[in-house]
Structures are given as structure tokens and as C-alpha cells.
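Peer 1: can you look at this prediction? I've put the sequence above it.
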Amino acid sequence: MSTVIMGIVNVTPDSFSDGGRYLDVDAAIAHGLRLRAEGADLLDVGGESTRPGSERVDPALEQERVLPVVRALAREGAVVSIDTMNASTALAAIGAGARIVNDVSGGLADAGMLAAVASTDADIALGHWRGPSADMYARAEYDDVVRDVVGELTDRVAAAAAAGIPPARVIVDPGIGFGKRGAQNWDVLRGLPRLVALGPRVLVGTSRKRFLEDALGTATPVSTPPTVAAPRSGQERRDLATAVTSVLAAQAGAWAVRVHDVSTTLDALRVAQLWQGDARWTSQTGSR
Ligand code: PMM
């Protein structure tokens, strides 16, 4: 089974990963359409940055940012997910055509989220979360990070079921970078099969995250003579690292990966699936 690629469309002025270039609604729509043309199966539209240390955004402002983008992308036929922790934004986005609610807080930030989604036929992605981004590292204390993440997500799946959302409509996400320090993220990724064993579809988001930057360092990889092409930029290196972690997540059983650079990750997934003998990938022009 081929891995679903969720392309990221951040509509925030302070996104750490796209420098806020897509705050402009038309530019965000164009970006989303480009990601879809590159091979994204889903487009994840978000209007609130969750970068470490960031403050919450008022839902009215969040909706002003995301709703025109959701509406336009859905009208173009894209499958859209809405990246929000607010029930009111989730409902408004579903009204505008979103089919999945991507709540990095797993329904914890807004007590009305699970009931709101239950009242619709949308799916929900529940992220592992221990508290707002403003001070999330203060809560990065675990006995056994894999066991704790799986246990806490099990509770969120149960809470969703109690609110009326059956497991078939639920996706779980280990929340890479959310309340987890560098090495803890690698532990969680290594333990991914234990989360996959839980049952619901698993979504993994490593794209351009700080733990990858920490792993790669900021130094130029090799000294290059001036006549040689410039070495890859930090972002290109993070995108390559994202493609590798996304392939490994897919091999560990992830249903979907959430990425900024769709084409690099798609290339990497294609190569990995050819290695595994997936015949659908043998033709360059064949559909995914
Ligand atoms: N990470 C970010 C935002 N939304 N959603 C899910 N499901 N999983 C993630 O890991 C995740 C997310 C933060 O990254 P960004 O600001 O680069 O989008």
C-alpha cells in the first residue's frame, strides 16, 4: 500500500518553516495546488503556528486566515485537512470543505473538539500533546517515552470513541517535536511499530523539525572549491532528512507522512517502494 503524503500549507506570518511566505491567501492557494500537482494526496491547512515558544492565536483570526484557503482548495477537488486546536475553526473548515481535522493537541486544547467532530462525518487526527507550545519542553518528562506516548494516545482514542467518533475515523500522531526533546523524538520514531500496533491509522510529521536540524548540525558538510556548485542549503538538507525519516516511518507502518517538500519525499518513497517490489511504481508515468 502506498503511503499517503500530506502537504503542508501554513497560513501564518511566523511559520518557522516557510518564513511566512504563504500568509497571502492567493499565494497559499497556489502553494497548495502546486503541492497537489507534485503528488500530495492531502493538503493540511493551518493558521496557527505551533513552533516551540509560540503563543495561541484567536480563533477568529485563525479562521480569517484558513477558511478562504480551505474553501478554494476543496473546490479544486483537493482533500483538505484543517490543522487546528479550536472546535469552532474545525467546524467552520468542515463547512468550507475540509474532510479531516488535524488536532495536534489530540482534543485536549479545546474541551468541545471531540463532540464537534463527532457531530460531522470528518476524520480526526489526534496528536500526542502535553500542553501549549509556549512551554511544552517543561513537560518533556517521561518514564519510557514510547510507552507513555502510546498509552496517552490510547486514552485519546478512547476519549474520541466516548464522544462518538469510532476508531475507523481516527488517525493517531506521535507528535514529533511536541513536548519532546531531541533524543526523545528518535526514541519515538524507533518505537513507531508499537503505535502502529494500536490499530488506528498513523500519521508522522518530522518535516524540517528542530531535532533534524540538531542531528545535521549547521556546518557546511564538505569544503567546496569556489568553482563547484554551492553546497545544499540548511533547508535542502532538512528536506532530505525529512524524506529519509518519512520513508522509514512508512516502512514502520505509518499510513501518512506530513511534509513541506512533497516532491523530495515522493521520490524517496518511490525508490523505497520499488526496492520492496511494489509493481505500481515500476512505470514512471504510472499513477500512484
Ligand atoms: N507538526 C506541526 C504542525 N502540525 N500536525 C500533525 N498531525 N503532526 C505534526 O507533527 C505537526 C502537525 C508543526 O510543524 P510546522 O509548523 O512545520 O507545520
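Peer 2: Nice, thanks for sending it over. Residues are numbered from 1 along each chain as shown.

Peer 1: just give me the neighbour total for whatever residue of the stretch 51-200 of the chain ends up closest to the ligand.
Peer 2: Per Cβ to the nearest ligand atom, the residue of the stretch 51-200 of the chain with the smallest distance to the ligand is Asp173, at 4.2 Å. C-beta: built from backbone N, CA, C; applies to glycine. With neighbours defined by other Cβ atoms under 10 Å, the count for Asp173 comes to 27.

Peer 1: and it, how far from Asp83?
Peer 2: For Asp173, the distance to Asp83 equals 11 Å [Cβ to Cβ, to the nearest Å].

Peer 1: and whichever residue of the stretch 151-288 of the chain sits closest to the ligand, what are its phi and psi?
Peer 2: The ligand sits closest to Gly205 of the stretch 151-288 of the chain, with a gap of 2.5 Å, by Cβ to the nearest ligand atom. Torsion angles at Gly205 (phi, psi; degrees, to the nearest 10) stand at phi -120, psi 100.

Peer 1: which stretches of this structure have low pLDDT?
Peer 2: The chain contains residues with pLDDT under 70 at 1, 14-23, 218-228, 279-288.

Peer 1: you'd agree Ser81 is in a helix?
Peer 2: No - using DSSP: H, G, I helix; E, B strand; the rest coil, the secondary structure at Ser81 is strand, not a helix.

Peer 1: in contact with it, which residues?
Peer 2: By Cβ atoms under 8 Å, 6 or more residues apart in numbering, the residues touching Ser81 are Met6, Leu42, Leu43, Asp44, Val45, Ala98, Arg99, Ile100, Val101, Asn102, Ala125.

Peer 1: pull the contacting residues for the fifth one.
Peer 2: When the contact criterion is Cβ under 8 Å, 6+ apart, the partners of Val45 are 9, 11, 28, 32, 66, 69-70, 73, 80-83, 93, 98.

Peer 1: that one in helix, strand or coil?
Peer 2: Going by three-state DSSP: Val45 is strand.

Peer 1: also the last one?
Peer 2: Secondary structure assignment for Ala125 (three-state DSSP): strand.

Peer 1: surely it is in contact with Pro174?
Peer 2: No - look at Ala125 against Pro174 with Cβ atoms under 8 Å: they stay out of range, at 11.2 Å.

Peer 1: comparing these two, which residue is more hemmed in?
Peer 2: For Ala125 versus Pro174, the count of surrounding residues by other Cβ under 10 Å is larger for Pro174: 28 against 25.

Peer 1: which residues touch the more buried one?
Peer 2: With contact set as Cβ under 8 Å, 6+ apart, Pro174 has these partners: Gly127, His128, Val149, Leu153, Val188, Leu189, Leu192, Leu195, Val202, Val204.

Peer 1: make a ChimeraX selection of the buried ones in those residues.
Peer 2: Listed next is the ChimeraX selection for buried residues among those, using 16 or more other Cβ atoms under 10 Å:
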select :127,128,149,153,188,189,192,195,202,204
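
Peer 1: which residues in the stretch 51-200 of the chain form strands?
Peer 2: 79-83, 100-103, 123-127, 170-173 (DSSP state E, counting those that start in this stretch).

Peer 1: need those strands in JSON lines (columns: distance to Ser49).
Peer 2: Below are these laid out as JSON lines (distance: least, Cβ to Cβ, whole Å):
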{"stretch": "strand 79-83", "distance to Ser49": "10"}
{"stretch": "strand 100-103", "distance to Ser49": "14"}
{"stretch": "strand 123-127", "distance to Ser49": "15"}
{"stretch": "strand 170-173", "distance to Ser49": "17"}
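
Peer 1: of all the ones you listed, which lies closest to Ala163?
Peer 2: strand 123-127 (9.7 Å; Cβ to Cβ).

Peer 1: partner strands of that closest one and their direction?
Peer 2: Paired strands of strand 123-127, with direction, are strand 100-103 (parallel), strand 170-173 (parallel) (DSSP bridges).

Peer 1: ok, Glu152 - how many residues close by?
Peer 2: Burial of Glu152 is recorded as 18 neighbouring residues (other Cβ under 10 Å).

Peer 1: right, and it touches Gly127 too?
Peer 2: No - at 10.5 Å, Glu152 does not count as touching Gly127 under the criterion of Cβ under 8 Å.
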